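[1] curious how this folds, go ahead:
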Amino acid sequence: MLLLLMGCQSVKADGISVHLHIDGTDRVVHSTAPTVRILCQQLDVQLTALDHITPPLWTPLEPGMTITVTRTRQERREVILTSTVKTVRDEFLTPEESRGRGSQRWPLGRALSGNL
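    Sure thing, here's the model as predicted:
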């Protein structure tokens with residue numbers, strides 16, 4: 001019954017050896033942890049939400065397996081974009097009117113009313 005509670009994973013009292021690749025270092029660690037998550041907790045490996053770990057944390061430890069932690073960081077950069085405004089006078093617009101490029105279109109009736 002105890003084996004069912006442990007997920008049918010038995011770890012010998014003397015533990016197993018696994019390869020750990022983290023932060024550019026490789027090392028062999030010896031542990032009695034049943035899963036990758038518990039091994040990381042035992043070794044005080046601080047994981048963030050952006051980190052990727054292979055195999056997944058719930059994976060049972062097996063002798064000789066390799067665990068890889070890939071650190072990821074998120075950057076935020078602000079860029080100020082400048083723009084210029086060029087005013088071009090048009091004979092069809094009064095000084096109070098303005099029209100942006102592609103932002104507004106004249107209704108057909110208004111455009112033709114001056115030409116009729």
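[2] list the buried residues for stretch 65-74?
    For stretch 65-74, a neighbour-count test (16 or more other CB atoms under 10 Å) marks 67, 69 as buried. (C-beta placed from N, C-alpha, C; glycine too.)
[3] what's the answer for stretch 14-34, then?
    Neighbour-count burial for stretch 14-34, counted by 16+ other CB under 10 Å, picks out 16, 18, 20, 22, 31, 33.
[4] of all these, which two lie farthest apart?
    By the measure CB to CB, 16 and 22 form the most distant pair in the buried residues of stretch 14-34, at 18.0 Å.
[5] make JSON lines out of the buried residues of stretch 14-34 and add distance to residue 53 and secondary structure.
    Formatted as JSON lines, the buried residues of stretch 14-34 follow (distance: CB to CB, whole Å; DSSP: H, G, I helix; E, B strand; the rest coil):
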{"residue": "16", "distance to residue 53": "18", "secondary structure": "strand"}
{"residue": "18", "distance to residue 53": "13", "secondary structure": "strand"}
{"residue": "20", "distance to residue 53": "10", "secondary structure": "strand"}
{"residue": "22", "distance to residue 53": "9", "secondary structure": "strand"}
{"residue": "31", "distance to residue 53": "15", "secondary structure": "strand"}
{"residue": "33", "distance to residue 53": "14", "secondary structure": "coil"}
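[6] turn those residues into TSV, including pLDDT.
    Formatted as TSV, these follow (pLDDT from 0 to 100):
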residue	pLDDT
16	91
18	95
20	94
22	91
31	92
33	94
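[7] out of those residues, which is nearest to residue 83?
    Of all those, residue 83 sits closest to residue 22, with 46.3 Å by CB to CB.
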